[in-house]
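A.B. asks: here are the coordinates; sequence isn't available:
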């Protein structure tokens, strides 16, 4: 995308009005005359607000484009983080206030705790449903066994029997009874 000087000035002003921390991202010199904008990972998932993933890097062909991309993505990312954090939690603020006011440490900590709690609840719900499913299978198996026992007199599984006549008592067996006959070595004379 092309950024003219007026657009860059407007992005700088927007970043100042929105209290954007430009230290979160950085611009590095790429191969030749190109630049690479390295963007930060979002504090939490903001795809519901942005409708897209935030790229980790953006390739630029000029310094002006690099600054424009850095400011544009930081504005989008920071505003999305603020909106996602405050959605359904803050009432009475305008959309500009929700997106422009920086997040406090308490807001960030509270939202991260909420995210962690949601993940724990989902994990426990999955474990519970799995345990209930296994219990239903066990109950169905036990009911089937009880039904077969009642109808046909099903008895316990027979224990495998091993004839003892073929087994040798280790105490009476000769010391070398289990030894194999040595084979002749390759190249040995007979």
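C.D. replies: Arrived safely, thanks for sending. All figures in this text were calculated on a predicted structure; none of them were measured in a lab.
A.B. asks: mind listing what's buried in stretch 32-52?
C.D. replies: Applying a neighbour-count criterion of 16 or more other C-beta atoms under 10 Å, the buried positions in stretch 32-52 are 35, 36, 37, 39, 40, 42, 43, 46, 49, 50. From N, CA and C alone the C-beta is placed, and that goes for glycine too.
A.B. asks: quick one: average pLDDT of stretch 76-83?
C.D. replies: Over the span of stretch 76-83, the pLDDT mean works out to 91.
A.B. asks: sorry, back to before: looking at the buried residues of stretch 32-52, which are in helices?
C.D. replies: 49, 50 (DSSP state H).
A.B. asks: reformat the buried residues of stretch 32-52 as CSV; add pLDDT and distance to residue 151.
C.D. replies: Compiled in CSV, these are given as follows (pLDDT from 0 to 100; distance: C-beta to C-beta, whole Å):
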residue, pLDDT, distance to residue 151
35, 91, 80
36, 91, 75
37, 91, 75
39, 91, 69
40, 90, 68
42, 87, 62
43, 86, 63
46, 85, 61
49, 81, 62
50, 82, 63
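A.B. asks: list just the nearest of the buried residues of stretch 32-52 to residue 62.
C.D. replies: Distance to residue 62, by C-beta to C-beta, is smallest for residue 35 among the buried residues of stretch 32-52, at 7.3 Å.
A.B. asks: rewinding a little: can you pick out the most distant pair from the buried residues of stretch 32-52?
C.D. replies: When the buried residues of stretch 32-52 are compared pair by pair using C-beta to C-beta, the farthest-apart members prove to be 35 and 49, with a separation of 27.2 Å.
A.B. asks: top helix in the chain by residue count?
C.D. replies: Assigned via DSSP H, the chain shows its longest helix as helix 105-152.
A.B. asks: packing partners for that helix?
C.D. replies: Secondary-structure packing of helix 105-152 (3 or more C-beta pairs under 8 Å, 6 or more residues apart in numbering; DSSP states H and E): helix 63-86.
A.B. asks: got any ranges where this structure has weak pLDDT?
C.D. replies: Judged by pLDDT under 70, the chain has its weakly predicted residues at 154-190.
A.B. asks: domains of it?
C.D. replies: 5-100, 104-151 (automatic domain parsing).
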